[in-house]
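Participant: next one to model:
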Amino acid sequence: MTIAIPAALTGAAQTGFTAPVYNNVADTPPDYNAKQVAVTSLGGTQVGVTAHSVSSPFTISVFRPKIAGVLGKPNPVTGLIGSVPKNTYKVIVRKGVTILPGQPVQTLVARVDIDVPAGSDTVDAANVRAALSALIGTLSAVSSGLGDTVINGVL
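Facilitator: Presented below is the predicted three-dimensional model:
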């Protein structure tokens, strides 16, 4: 995998945060087809945010498919490929959150799944990259608003 999560990851804008930074170290991933970091310290202004601990995790994991799907042979009569497998890539963030004072920490899980049709990675790489660019740009652009929405429920 060529993904390298920076040791000092700059966070996106959120209401009440000023220049958030998540300092992390390599961690043991949950499976062999993943990379994972644990956020060990914070930068910027993020009042109330906690770094990773056993009882309150803060990890970022990136997964690739265990076995990449490839295109089968076209039907000899129709020339069509009957089934196109999807290669699924995932990004998962786990963060311990408090539900009520005095209650045990619960784990919030945020996931992004990217299903790439087999073959498109070589035949149409530009459009695969465009989809990822748009996804990441959208998440970055709506970060603060998304944070507000998951807090107040207003879309």
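
Participant: nearest residue to residue 110 other than its sequence neighbours?
Facilitator: Closest residue to residue 110 in three dimensions, ignoring its sequence neighbours and counting by Cβ to Cβ, 6 or more residues apart in numbering: residue 93, at 4.5 Å. For the C-beta atoms, the positions are set from N, CA and C on the backbone; glycine is no exception.

Participant: is that neighbour in contact with residue 109, as I believe?
Facilitator: Yes. At 7.4 Å, residue 93 counts as touching residue 109 under the criterion of Cβ atoms under 8 Å.

Participant: tell me the helices and strands packed up against the helix or strand hosting the residue nearest to residue 110.
Facilitator: If you go by DSSP states H and E, residue 93 is part of strand 86-97. Here strand 86-97 touches strand 58-63, strand 106-117, going by 3 or more Cβ pairs under 8 Å, 6 or more residues apart in numbering; DSSP states H and E.

Participant: which of those strands sits closest to residue 72?
Facilitator: Nearest to residue 72 among the helices and strands packed on strand 86-97 is strand 106-117; the distance by Cβ to Cβ comes to 12.6 Å.

Participant: what are the buried residues along that closest one?
Facilitator: For strand 106-117, a neighbour-count test (16 or more other Cβ atoms under 10 Å) marks residue 116 as buried.

Participant: average pLDDT across it?
Facilitator: Mean pLDDT, strand 106-117: 96.

Participant: which SSE is immediately downstream of it?
Facilitator: Using DSSP H and E, the next helix or strand after strand 106-117 towards the C-terminus is helix 120-123.
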